[in-house]
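>>> My questions concern the predicted model and sequence given below.
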Amino acid sequence: MDLELRHLRCLVAIVDNGTFTDAAIELGISQAAVSRSLLALEQRLGVRLLHRTSRSITPTTAGVQVLARARQILAEIDVLVTEATSGHTRLRVGHAWSAFGRHTTEFQRRWAAAHPEVELQLIRTNTATGGLTEGLCDLAVVRSHLDLSRFGHVLLTQEPRYGVLPADDALARKRSLTLAQIADRTIVIDRRTGSTTIELWPEDARPRIEFTHDVDDWLAAIASGRCVGVTPQATTTQYRRDGVVYRPLRDAPPVDVHLIWRREDPHPATQAAVELLTTLYKKSSA
């Protein structure tokens, strides 16, 4: 016999209501059906789940464990159903680090004013596609090196790069930097989602590298004085932190900023998001 969700719902209802009769009322089935479901669940798992007396029903040791997992599974199923049925009333935009930089707040506000029927959610996911291939979002802004042929996409802008230094570093006194000036330091890089690669430097003058997997760890490594970093402009507005300063890199190539989405079955609000974002970025570059 396969384990079914109705078996888990019966177990939770029995414990929450305290009696088989009340569980049956809550579930809209007969008391006999509740008893059969509990028996089927116990037989499938091979353990007794409830202690029953004339006055009370309490979970066994195994029942406590199964009950906790049952609650978790049922809650996840509820979320799944909600997401599937409300997909077009919510637009999830994924990003690995910095969303749309200084345009983020204006995008959120203008979207809410123009499209009140579609809730906008920004979701930070530290993957190369900002959560798109993982199914965590409908659109994603990416600055990493991707094969864009797999996605629908638009180039939003090209962001200048900045050097990121401890505030007490001697180079922090300069207004701008070159890649060569930080080549003797250890560069901290997020190799999963970052836009910085060792190829920014000539082969015979490459810095030491330390890898990290999260923007908070990246900033902590820099603030400690152990490392320096290189990042697109958006990071400078989204992640201001005591002990860390940003300086423009005069000779570093810019970073392409793309909005990507699934080619098959894109979210109905995709084009509206593309139009608003391209307008915001064109306005700032005018």
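Noted; the coordinates are in hand.

>>> My guess is Thr19 contacts Ser56. True?
No. Contact status for Thr19 versus Ser56: not in contact, 9.3 Å apart, counting by CB atoms under 8 Å. C-beta coordinates here come from the backbone N, C-alpha and C atoms, glycine included.

>>> Those two - which one has more neighbours?
The residue with more neighbours, out of Thr19 and Ser56, is Thr19; 14 against 10, by other CB atoms under 10 Å.

>>> can you give me phi and psi for the more buried one?
Main-chain torsions, Thr19, degrees, to the nearest 10: phi -140, psi 160.

>>> Please apply the same query to Gln238.
Dihedral angles (degrees, to the nearest 10) for Gln238: phi -90, psi -30.

>>> Find the residue closest to it in space, skipping its chain neighbours.
Nearest residue to Gln238, sequence neighbours excluded (CB to CB, 6 or more residues apart in numbering): Ser98, at 4.3 Å.

>>> which residues are common contacts for Thr19 and Ser56?
Overlap of the contact sets of Thr19 and Ser56 (by CB atoms under 8 Å, 6 or more residues apart in numbering) is empty.

>>> can you pull the alpha-carbon coordinates of stretch 72-83 into CSV?
In CSV, the C-alpha atoms belonging to stretch 72-83 read as follows (Å, rounded to 0.1, in the frame of the first residue of the first chain):
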residue,chain,number,x,y,z
GLN,A,72,6.0,19.7,7.5
ILE,A,73,5.0,17.7,4.4
LEU,A,74,1.4,19.0,4.5
ALA,A,75,2.6,22.6,5.0
GLU,A,76,4.9,22.2,1.9
ILE,A,77,2.0,20.8,-0.1
ASP,A,78,-0.1,23.8,0.8
VAL,A,79,2.7,26.1,-0.3
LEU,A,80,3.0,24.2,-3.6
VAL,A,81,-0.7,24.5,-4.3
THR,A,82,-0.7,28.2,-3.4
GLU,A,83,2.3,28.9,-5.7
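
>>> Check which residues of it are buried.
Neighbour-count burial for stretch 72-83, counted by 16 or more other CB atoms under 10 Å, picks out no residue.

>>> what about it, distance to the chain center?
Distance, stretch centre to chain centre, for stretch 72-83: 18 Å (CA atoms, centre = their mean, to the nearest Å).

>>> Same check on stretch 170-185?
Using CA atoms, centre = their mean, the offset of stretch 170-185 from its chain centre is 33 Å.

>>> tell me which helix or strand of this protein sits lowest on mean pLDDT?
Taking mean pLDDT, DSSP states H and E as the measure, the chain has helix 61-85 as its least confident helix or strand, at a mean of 89.

>>> what's downstream of that one, the next helix or strand?
Using DSSP states H and E, the next helix or strand after helix 61-85 towards the C-terminus is strand 90-95.

>>> Not counting that next one itself, show me its contacts.
Residues from elsewhere that reach strand 90-95, judged by CB under 8 Å, 6+ apart: 99, 111, 115, 118-125, 129-132, 136-142, 267, 269, 273.

>>> Make a ChimeraX selection of the buried ones in these.
Buried members of the contacts of strand 90-95 can be picked out in ChimeraX with the line below, counting by 16+ other CB under 10 Å:
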select :99,111,118,120,122,124,125,129,130,131,132,136,137,138,139,140,141,142,267,269,273
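
>>> In strands, which of the contacts of strand 90-95 appear?
If you go by DSSP state E, the contacts of strand 90-95 have Glu119, Leu120, Gln121, Leu122, Ile123, Arg124, Leu139, Ala140, Val141, Val142 in strands.

>>> Using a markdown table, lay out the residues you listed together with distance to Asp256.
Listed next are the ones in strands among the contacts of strand 90-95 as a markdown table, based on distance: CB to CB, whole Å:
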| residue | distance to Asp256 |
| --- | --- |
| Glu119 | 29 |
| Leu120 | 23 |
| Gln121 | 24 |
| Leu122 | 20 |
| Ile123 | 21 |
| Arg124 | 20 |
| Leu139 | 16 |
| Ala140 | 14 |
| Val141 | 11 |
| Val142 | 9 |
